[in-house]
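K.L.:
here is a sequence with its predicted model. Questions after.
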Amino acid sequence: MRVKGWLAILATVLVCAGQEAPAQGFAGMGEAVKGFANPDPSHRFAFPADHGAHPDFRIEWWYLTATLTGPDGTDYGAQWTLFRTALRPGEGTGFASPQLWMGHAALTSAERHLFAEKLGRGGVGQAGVKVSPFAAWIDDWQMISRASPGADALSALDLNASGAGFAYRLALEAKGPIVAQGDQGYSVKSAAGQASHYYSQPFYTVTGTITLEGKDIAVTGQAWLDREWSSQPLAPDQTGWDWFSLKFDDGARLMGFRLRDGGAGYLSATWIDADGTPTPMPPGALRLTPLEETRVAGRDIPVCWRVELPQKAVDVTAAALNPQSFMDTTVPYWEGPIVFSGSHTGRGYLEMTGYE
Amino acid sequence: MRPAVGLLALLSHWRRHPFQLAMLLVGLSLATALWSGVQAINAEARASYDRAANVLGLDGLPRLTMVDGSAVPLARYGDLRRAGWPVSPVIEGPLPGSDLRLIGIDLLTLPTEARLMDPAALDLQGFVAVGGEVLVPAGAAARLRLPDQPRLRETADLPPGIALADIAQAERILAAPGLSYLLLSRDAALPADLPADLVLARPAAGEDIARLTDSFHLNLTAFGLLSFAVGLFIVYSTIGLAFEQRRGVFRTLRALGLSAAALTGLLLAELLLLSPAAGVIGVGLGYLVAAVLLPDVAATLRGLYGAEVPGTLGFRPAWWLGGLAISVAGTLMAAAQSLWRLWHLPLLATAQPRAWAHQAASGVRWQAGVGAGLLALACGLGLWGVGLWAGFGLLAALLLGAALILPLILHALTFCAGRLARGVLAQWFWADTRQQLPGLSLALMALMLALSANVGVGTMVGSFRLTFTGWLDQRLASELYVTARSAEEAAELTAWLAPRTTVILPIWSAETMIEGQPAEVYGMTDHATYRDNWPILLGAAEMWDRLAAGQAVLLNEQLYRRGGLALGDLVDLPGGALPVAGVYSDYGNPRPQVIVATDLLVARFPDIPRLRFALRVDPAQSAALAQEMRAVFDLPEAAVLDNTRVKAMSLQVFERTFAVTGALNVLTLSVAGVAIFASLMTLSGMRVVQLAPVWALGLTKGRLAALDFARTLVLAVLTLVIALPLGLVLAWALLAVVNVAAFGWRLPMAVFPADWLALAGFTLLAASLAALGPWRRLARMAPANLLRVFSHAR
């Protein structure tokens, strides 16, 4: 028997432990959970504590995507993600810890998309997040702070990961402030009020080395870190999402997503000025239109989109650097770098989940 | 003429000869029974190896443990993972309140090759957590009395003796101080050199078990095939008889317009009707055979190889179908000759009923030639063959060659006897015997195979038992054996025991890799107990002194033979190689073993547990001392063993080991008896033509019958006389070739003439019983039947 099969079931455990009902929504994330803390609109981020884990919430992630360029101008993308899932709220010692961790890393070029996954348990040192000095790790993949004393822990990071055929080692430096998404960090995900705590650091510059099939390549670029935690981010009828992070050449940023349901979906966006000032966009402001689908991993996935935000005169066409940027991991999804042009130009990352 | 009518006409034969029908069914179902019984046992055992491998493939994966054998600290695991070591933690221990071994695994890091049980059988959400489910083998839950009972779930996917839980749950239940070991994937790239306090073992135990037990299963399969072949002789005889008796019917049917092809087709249809019926009975019987024998087989496999097989039989459609198929195939094989002849029979053939027998006689020489070739091959394999397959090839060539050559030998013997015979009657007796040989030779071959297998296996088991009991006496020279639970207890025990015993001899051991195999290293303290008793096979001069001085090692026979080592060769041990000074026998242990001086062992492996001791005491006092020791230190029953009990246990394992062999032996011999019976019945029906003239010349029916009876016994005894040396050669091959290849030890051969006498008695009894029916038939035959021979021109 293939362990893969086990892990697929384990994925359900990871995201809906203790639930009797069959998984709903993407990877069971649309389920009600008792006992876990719920996002609180009055919560204000307190750092460095909020850089760390929130074990009373069911799920949480440290999600970094980087758009990179090699010395010959070749585009690359890198992803480093640490997911936390709790079987029960709270922490425990040793294997009694209810916290499970999942790491995903990927390196993408126009031709290749290489990825790896790691799973681990909390409580035994294999995986976790430490607030001070900041470190997030699973096995030998890590994201550690090298910020100078007094500066925000996330303002300078060292990042590494490796998998079959690829590796990267990147140094990140934040050139702008941390940005609270949604209403001062309270990001609503459905009309019914599902929400998460959500902040980003979208202003990293990156230098480092990637290793692609045995060849070391020096790279530079930009990166975007998302921090999000919740106990139930999707409404039961929501099946997945399309999430965009756009880095405009003029320094502004746009985060936008659409949560798909039976109808028009739930759209949300935050405009971030070049100086880091966030402007939550009103419902209906963002328009996302899939233009072209590609057959990826046995499913039809839109890999070319029209993104419109009339308030900011944004009307761009975003296309995947590599349409086959599929993460065929325990929880499968599409995640890859995009290039956009139109009213604005720039690069970004696209994540699409729940396409069957 | 419609085929259906023809078929009915053919089938009517069986209605008029129900005994023949019974014989056909008995022969076929017996053959199928033994064959499918053995297959069932093999299938069950293999399935349980698979299950065992399925639990984790644990035994097949490399693992890291602490050098000193202590538990791996939890923090160490985290550190190794962060350093990029792809290790997966396992906590293992006896499940309290049960006879199960609990294995706690971490599904998140388990190597991909660690094949797991069917995921459908596992409720994963209930598994990963403290308080998660504990999986136990089917039927085990009711037996368990666990403190604060965890949720149990029975599953057929687990091998017996194993319980499986999430590592968190296992950590809690076992109150484990750390991790038992860390698993690695088989081909994992290691990020760095191994830290000094860890050892990497790459056990191939699972494969070893498969390899070792293969020889055992091959053994069983060979027995199954032998039984099947013997059973087919019965079928062959019966079909031949039915064919002869129905010549008239065939002629009539052909005369009525049935083509030869149609007639052959009808006979084929008839066989295809009968053989599955016999197959079903056979497979059913086979199931019974397997169910009766399996507990013994399970005991054997556990005793010899440590392989766990449940003593209960599962239902496997594959071997039911296999049994049916082999029954049909066997029938067609046995009937091929008859069908071939029918196909070529002239339309209104009045062929001599005995003609085919003469024809067969002409083939004897050709057959003997093939036999001689096979015997030569057997000689070659015996002299130059290497390994288990050569051993089995030798056995097969020997048996088959001897069987093929048997008719020629019997022919020659009866010819000589006829020459030497004085008087007309005696000459007729031998001539008639010789004339019957072709018809009987198949049955006699079957008998010879069964007899020689019996002698061979009996001699092997007997030799083994003699050697084994002698060896046990040598090996278990100390009166008492005690195992402490901790180092402190060991210290207290030795202090307490010192004034109460003649000597306390440590039995400490370490695990290491020798010659690329996982091996045991034992420490031996210099003492007369060992010098006087240890079962040495080969020893260099000053062996004991050099061993005691730490200048040399002793090897067990298995390592000595498999490693192709010689006295004086160097054996690699951690800390430096040492020369081999002696070789000792070590029956029942599949693993390589090395003995060094205790001081050397402790120096080379400073962290081994030092818990076991052998005690020399006055034998009269040993029982009392054992009792006192248990009481004073509150030791469990099994912690103190006296040598008589260990010997009794070992012998019990031994007896169970060969119970299966014995049972199959008797069954094969019985089938051979039935084969003779069937052959004689066939012949007696055809022999009226030959007997009638002798009867007409004045010999009474009673004397004729008595002569026939005597003839059967004479042939059986001749066969036995030929089978005896063959059996001894077989025993030699088993002891000196197959055993060495399969187990790694060679046994001295002993002969047991008393057993041969018993076997001769059994053979004569079987032959008498087989000849009884034909005798009575002849004695009671109406004179009119004999007279009719002269009026009929058949």
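P.N.:
Received, thanks. In this text, all values refer to a predicted model and were calculated from it rather than measured experimentally.
K.L.:
just name the shakiest helix or strand of the chain by mean pLDDT.
P.N.:
With no chain named, the answer covers chain A. Least confident helix or strand, chain A: helix A:3-16 with a mean of 38, by mean pLDDT, DSSP states H and E.
K.L.:
please refer instead to chain B.
P.N.:
Per mean pLDDT, DSSP H and E, helix B:355-362 ranks last in chain B, at a mean of 52.
K.L.:
picking up where we left off before, near chain B at all, the helix or strand just after the least confident helix or strand of chain A?
P.N.:
Where DSSP states H and E defines the elements, the next helix or strand beyond helix A:3-16 is strand A:59-69. No - Strand A:59-69 does not reach chain B (Cβ under 8 Å from any Cβ of the partner chain); its nearest approach is 16.0 Å. Quick note: C-beta positions are derived from backbone N, CA and C, even for glycine.
K.L.:
show the average pLDDT along strand A:59-69.
P.N.:
Mean pLDDT, strand A:59-69: 96.
K.L.:
repeat for stretch B:163-170
P.N.:
Stretch B:163-170 shows an average pLDDT of 88 in the prediction.
K.L.:
chain center to that stretch: distance?
P.N.:
36 Å (Cα atoms, centre = their mean, to the nearest Å).
K.L.:
show me the contacts for the residue of the stretch 601-750 of chain B found nearest chain A.
P.N.:
Residue nearest to chain A within the stretch 601-750 of chain B: B:Asp607 (24.2 Å; Cβ to the nearest Cβ). B:Asp607 makes contact with B:66-70, according to Cβ atoms under 8 Å, 6 or more residues apart in numbering or on different chains.
K.L.:
just B:Trp544 next, same as before
P.N.:
Shown in contact with B:Trp544 (Cβ under 8 Å, 6+ apart): B:526, B:530-531.
K.L.:
and which of these is nearest B:Glu244?
P.N.:
B:Tyr530 (70.4 Å; Cβ to Cβ).
K.L.:
the closest one and B:Gly523 touch, don't they?
P.N.:
No - using Cβ atoms under 8 Å, B:Tyr530 makes no contact with B:Gly523, being 11.3 Å away.
K.L.:
can the longest strand anywhere in chain A be said to contact chain B?
P.N.:
Identified as the longest strand of chain A according to DSSP state E is strand A:195-212. No - Strand A:195-212 does not reach chain B (Cβ under 8 Å from any Cβ); its nearest approach is 14.8 Å.
K.L.:
what pairs with whichever helix or strand comes after that strand, parallel or antiparallel?
P.N.:
As assigned by DSSP H and E, the chain's next helix or strand after strand A:195-212 is strand A:215-230. Using DSSP bridges, strand A:215-230 pairs in its sheet with strand A:59-69 (antiparallel), strand A:195-212 (antiparallel).
K.L.:
export those strands as TSV, with columns for mean neighbour count.
P.N.:
Listed next are the strands paired with strand A:215-230 as TSV, based on neighbours: other Cβ atoms under 10 Å in any protein chain shown:
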stretch	mean neighbour count
strand A:59-69	24
strand A:195-212	21
